[in-house]
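A.B. asks: Mind folding the following:
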Amino acid sequence: MKEDKDDLIVIESKAFAIRCIRLYQHLSGRKKEFVLCKQLLRSGTSIGANVKEALRGQSRADFGAKMNIALKEANESEYWLELLFETGYISDDGFQSMVDDCKRLIRLLTAIVKTTFHKT
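C.D. replies: Here you go, the predicted model:
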């Protein structure tokens, strides 16, 4: 499929991955929380990795499958963020900012997946 360095999903997913890395560094260093933040690190960075793989997909089906995996990872990331917030590891402001970014990714990826699988 196409590769566009200015593609919004590429930019947004990489920015989210960087935020997840920084949150992991903060939580593991300062708050000594290792389990939940590691899960967020894995799922949050996986979104962009799957997006990049999708852009080199060998077919529309391959592209769609990788974007769908990215969508699943985004949904998982939202869950880990909720747990980190509800257990007091991240503040209301920090949570709201990150979950807003995550939900934006979910909306973008949902639209991409729907468009990919419903084109004829």
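
A.B. asks: what's the burial count for C20?
C.D. replies: Burial of C20, expressed as a neighbour count using other Cβ atoms under 10 Å, amounts to 26. Every C-beta, even on glycine, is put in place using the N, C-alpha and C of the backbone.

A.B. asks: Leaving out chain neighbours, which residue sits closest to it?
C.D. replies: G44 (3.1 Å; Cβ to Cβ, 6 or more residues apart in numbering).

A.B. asks: Quick check: next helix or strand after the helix or strand where the one you found lies?
C.D. replies: Per DSSP states H and E, G44 falls inside helix 35-55. Per DSSP H and E, the first helix or strand lying C-terminal to helix 35-55 is helix 60-86.

A.B. asks: and the angle for that next one with helix 35-55?
C.D. replies: Orientation note: helix 60-86 sits at an angle of 160 degrees relative to helix 35-55 (axes from the mean of the first three to the mean of the last three Cα atoms, to 10 degrees).

A.B. asks: what about helix 60-86, average pLDDT?
C.D. replies: Helix 60-86 shows a mean pLDDT of 97.

A.B. asks: Check stretch 42-54 too.
C.D. replies: Summarised as a single mean, pLDDT over stretch 42-54 is 98.

A.B. asks: ok, now which ones touch S28?
C.D. replies: Residues near S28 by Cβ atoms under 8 Å, 6 or more residues apart in numbering: F34, C37, K38.

A.B. asks: if you set the cut-off to 7 Å instead, what comes out?
C.D. replies: Going by Cβ atoms under 7 Å, 6 or more residues apart in numbering, S28 touches F34, C37.

A.B. asks: C-alpha coordinates for the helix holding G44, CSV please?
C.D. replies: The C-alpha coordinates for helix 35-55 follow below in CSV (Å, rounded to 0.1, in the frame of the first residue of the first chain):
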residue,chain,number,x,y,z
VAL,A,35,3.7,-4.3,35.6
LEU,A,36,0.9,-2.1,34.3
CYS,A,37,3.2,0.5,32.7
LYS,A,38,5.2,-2.3,31.0
GLN,A,39,1.9,-3.5,29.5
LEU,A,40,1.1,0.0,28.3
LEU,A,41,4.6,0.3,26.9
ARG,A,42,4.2,-2.8,24.8
SER,A,43,0.7,-2.1,23.5
GLY,A,44,1.3,1.7,23.0
THR,A,45,4.5,1.2,21.0
SER,A,46,3.0,-1.7,19.0
ILE,A,47,0.4,0.6,17.4
GLY,A,48,2.9,2.5,15.4
ALA,A,49,5.0,-0.6,14.6
ASN,A,50,1.9,-2.3,13.1
VAL,A,51,1.0,0.9,11.2
LYS,A,52,4.5,1.0,9.6
GLU,A,53,4.2,-2.7,8.7
ALA,A,54,0.8,-2.1,7.2
LEU,A,55,2.2,0.6,4.9
